[in-house]
Every structure is written in structure tokens, then in C-alpha cells.
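**Student:** Next input, structure requested:
(one chain, ligands or ions: 1)
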Amino acid sequence: MRWGRTSGGPCVSVRVPAKLNLFLSVRGRRPDGYHELVTVFQSVSLYDRVRAGLIGPPGQGHHPAARRRMRVALWHDAGPGVPSGTENLAVRAARALGSAAGVIDLAFVDARALRPADPEVDHASSPYTVIDLRKSIPVGAGMAGGSADAAAALVALNELWACELSRDDLRAVAAHIGSDVPFCVVGGTALATGRGTALAQVLCRGTFHWVVCTADQPLPTADVYRSWDHNCTVNEVQPDAVVQALRTTDPEALGAALHNDLEPAAFALRPQLREQRDALLDAGALGAVLSGSGPTLLALTESAEAATGVCKLMESDFHSVRVATSPAGGPELHPC
Ligand code: C5P
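**Tutor:** As a prediction, the model looks like this:
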């Protein structure tokens with residue numbers, strides 16, 4: 001996409017990290033169908049980049065509250081596993097922000113209608129916002145890739161449309177888009193309760209080193225929660241040991257404390273995940289755990305060198321293995 005070709009319009013770019021769950025306890029099924037969670041989120045150094053730009057006749061005001069109309073189109077560089085229409089969480093983020101900012105007429109348009117030479121675009125009566133996703137976070141992997149894109153779209157469009165919502169306001173909008181989106185708006189380290197949307201910041205000193213091991217087939221989150229309903233019961237395990245290990249930067253203690261109640265649910269659907277997790281421990285990881293609802297497995301190591309070593313040992317066992325560090329901060333806004 002050639003930004004501003006027709007308008008010289010503004011463009012912003014947001015780099016947004018993936019998330020890990022260092023601890024995830026399921027406290028039961030709620031009346032609304034979701035599950036009550038106690039979880040510790042941490043952002044990790046795998047990033048998507050979301051650019052948002054305006055195309056339209058020069059001189060038009062772009063503030064959505066002023067124009068009351070906006071057309072939104074989406075591009076992405078990922079395969080068919082990432083939706084290209086209104087089901088994409090970045091588009092849902094645009095809608096949610098538009099509605100919070102008072103846009104009364106926000107329409108999604110097919111990105112193919114936005115060829116720069118198209119006279120219809122040059123003479124459009126209302127501006128187009130184009131959202132362009134560059135994906136690097138694994139898709140359908142339990143690392144909140146779609147939620148991260150939604151969070152980045154909120155941050156980008158808040159700037160582009162001059163909505164002037166605070167990060168706290170954006171967090172409130174984010175909760176309507178998905179359970180992981182509020183955390184992705186803030187990043188860092190947080191203890192979450194409820195659906196995962198009520199957040200309290202957690203102190204984390206230092207840096208932790210990971211091997212992120214992905215599978216070639218995604219595992220739908222809803223299927224894993226359904227499997228939890230059939231195969232698991234509530235337990236009351238507490239996150240204290242994880243919180244303490246983060247405070248004291250103790251990778252050995254963190255490795256021992258990593259916990260995810262969704263593991264038995266995901267392992268019932270993909271039995272090889274259990275063997276792969278055990279193989280990561282045999283390869284020298286301090287701890288290994290399913291990431292969110294999976295199927296990504298995370299191995300914690302004591303250093304960057306140890307992470308590279310585990311990566312080399314395990315690369316033939318997974319679709320891809322990557323080293324990463326945590327925490328990784330939150331979404332960062334840049335000019336295009
Ligand atoms: O909130 P989000 O749309 O990301 O959730 C995807 C699916 O994961 C939900 O439809 C639900 O089946 C499941 N889920 C859940 N409890 C949560 C979070 C997600 O049951 N706390």
C-alpha cells in the first residue's frame with residue numbers, strides 16, 4: 001500500500017508484542033459462557049506491526065467525531081488463517097473505537113476497492129482508513145496475535161483519528177473486543193481476573209529467556225475451553241510463587257512455578273503436546289508450559305545462550321522454534 005498517494009494523508013505505525021501466560025488457573029464456567037480466570041500475563045518479544053493511514057481528498061477533516069463517517073479497509077500479509085474482513089479483530093477494534101468516539105457511520109470496505117488510481121477513491125466524499133497488518137506473532141497459537149493486532153489498531157486509530165482517549169479508556173473499549181485485548185493495550189506484566197480483562201500491574205525485575213515452540217496447526221481457543229469443561233475440574237492453585245519469582249528475577253523458581261490449567265484440556269485434543277513439553281524439560285529447560293490455550297509451548301531457560309541451545313536441540317520437533325525475551329513492554333507508536 002502506498003500511503004497518502006491520493007491524499008498526502010497521515011499514517012501511524014504501532015509495534016505490538018505477543019503475550020505469554022506464566023500462570024493460568026480456571027476457576028469455573030461463568031453464566032455468560034466464558035470461564036473465570038486467575039492468570040499472570042507477560043508481554044514477550046515477538047511483534048506484529050500495524051500501520052493505519054488515511055486516504056481521501058486533501059483538506060478534509062479526519063476526526064471521526066467531526067466527520068461522523070469513516071470507511072475502513074484492511075490489508076494483511078498473512079495466510080488464510082487470518083480473516084480479511086469484519087471478523088478480523090483489528091477491524092472490530094476500529095468499529096469499537098469509532099463507536100466510542102461518536103462515529104455514526106463506519107463502513108467496512110473491501111481493500112481491493114482502494115487501488116490508488118481509482119477515481120472513486122480520489123473523489124471520495126468521506127475518507128478511508130486503511131489498516132495494514134504485518135504479522136510475525138504465530139497465528140492461532142495461544143499468544144494473542146489477533147488480540148495484539150486489535151490493541152495496536154486501537155492505539156494507532158486513537159492517534160490517527162485524534163480521539164484523545166487515554167490508555168485506560170482504550171482498555172475499557174478493548175474489553176468489548178476480546179478477553180486478551182485489554183492486557184495487549186498495556187503490556188508489561190499483569191495479574192488478571194474475571195474473563196482476563198480485570199488487570200493489576202505486577203512488578204517484574206530483569207529479563208527472562210524463552211524458547212517459543214509453535215505447531216503447524218492452530219488450536220481454536222473455544223475448543224480448548226470446551227475440552228476443559230469435559231475433562232477438568234476447578235482447582236484453587238494460587239499465582240504467588242510466580243509473582244514472587246518475577247519480583248526477585250529468579251528463573252529457576254519461575255520455571256518451577258509455571259502453571260496452566262488448560263494443559264490437560266489441550267493435551268486431550270493434541271496428545272503429542274504432552275510429550276513435546278516433556279522433551280523440552282529433557283532438553284534442559286527450567287520449566288515448560290502451554291502458552292494460553294496453545295498449541296504453542298514455551299520453554300524457560302536460564303540465559304540467552306541456554307535458549308539458543310534448547311532451540312537447536314528441539315528445532316526438528318516443532319514447526320518453528322524461536323528465542324524471545326520477556327517482558328517486552330506495550331504497544332509502541334511510531335510515525336510511518
Ligand atoms: O474473549 P475471546 O473472544 O478472545 O475468547 C475466545 C473464546 O475463548 C470464547 O469464545 C470462549 O469460548 C473462550 N474463553 C472462555 N473464557 C475466557 C476467555 C475465553 O471461555 N475467560
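
**Student:** Up against the ligand, what does the stretch 1-150 of the chain have?
**Tutor:** Listed as neighbours of the ligand in the stretch 1-150 of the chain under the rule CB under 6 Å from any ligand atom: 34-35, 37. Just so you know, the C-beta spots here come from the backbone N, C-alpha and C atoms, and that holds for glycine as well.

**Student:** Surely A94 is in contact with V109?
**Tutor:** No. Here A94 lies out of contact with V109, judged by CB atoms under 8 Å, at a distance of 11.6 Å.

**Student:** residues bridging contact with those two, i.e. touching both?
**Tutor:** Contact with both A94 and V109 is made by residues V72, according to CB atoms under 8 Å, 6 or more residues apart in numbering.

**Student:** The two: which has the busier surroundings?
**Tutor:** Higher neighbour count among A94 and V109: A94, with 29 against 16, using other CB atoms under 10 Å.

**Student:** can you list contacts of the host helix or strand of that one?
**Tutor:** Assessed by DSSP states H and E, A94 sits inside helix 89-100. Contacts to helix 89-100, defined as CB under 8 Å, 6+ apart, come from residues 50, 64, 70, 72, 74, 85-86, 106, 108, 129, 131, 133, 146-147, 149-154, 157-158, 161, 163, 165, 169-170, 173-174, 176-178, 181.

**Student:** Only the buried subset of those, as a PyMOL command please.
**Tutor:** Filtering these down to the buried ones (16 or more other CB atoms under 10 Å) takes a single PyMOL command:
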select buried, resi 50+64+70+72+74+106+108+129+131+133+146+147+149+150+151+152+153+154+157+158+161+163+165+169+170+173+174+177+178+181
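
**Student:** from the contacts of helix 89-100, which ones fall inside helices?
**Tutor:** In helices, judged by DSSP state H, the following of those are found: 64, 146-147, 149-154, 157-158, 169-170, 173-174, 181.

**Student:** I figured V82 was touching H76, is that so?
**Tutor:** Yes. Contact criterion CB under 8 Å: V82 and H76 qualify, at 5.5 Å.

**Student:** so what's in contact with these two at the same time?
**Tutor:** By CB under 8 Å, 6+ apart, V82 and H76 have these common neighbours: 88, 133, 135.

**Student:** Name the nearest residue to the second one, ignoring sequence neighbours.
**Tutor:** Meaning L133. Spatial nearest neighbour of L133, excluding adjacent residues (CB to CB, 6 or more residues apart in numbering): H76 at 3.9 Å.

**Student:** Kindly state the pLDDT recorded for that neighbour?
**Tutor:** As predicted, H76 sits at a pLDDT of 93.

**Student:** how about low-confidence regions in the stretch 1-150 of the chain?
**Tutor:** 1-8, 56-68, 104, 113-126 (pLDDT under 70).

**Student:** Let's see that with 90 instead.
**Tutor:** 1-10, 54-71, 79-81, 101-128 (pLDDT under 90).

**Student:** residue boundaries of the strands in the stretch 151-300 of the chain?
**Tutor:** 189-194, 198-201, 208-214, 259-260, 287-290, 297-301 (DSSP state E, counting those that start in this stretch).

**Student:** L246 is nearest to which of the ones you listed?
**Tutor:** Nearest to L246, of all the strands of the stretch 151-300 of the chain, is strand 189-194, at 6.2 Å by CB to CB.

**Student:** beta partners for the nearest residue to E332 once chain neighbours are set aside?
**Tutor:** Computed as CB to CB, 6+ apart, the closest residue to E332 that is not its neighbour in sequence is R15, at 4.8 Å. On the basis of DSSP bridges, R15 is bridged to R49, E332.

**Student:** what's the distance between R15 and N231?
**Tutor:** Distance from R15 to N231, counting by CB to CB, to the nearest Å: 38 Å.

**Student:** When these two are compared, which one has more neighbours?
**Tutor:** Set side by side, R15 and N231 show more neighbours around R15, with 19 against 13, by other CB under 10 Å.
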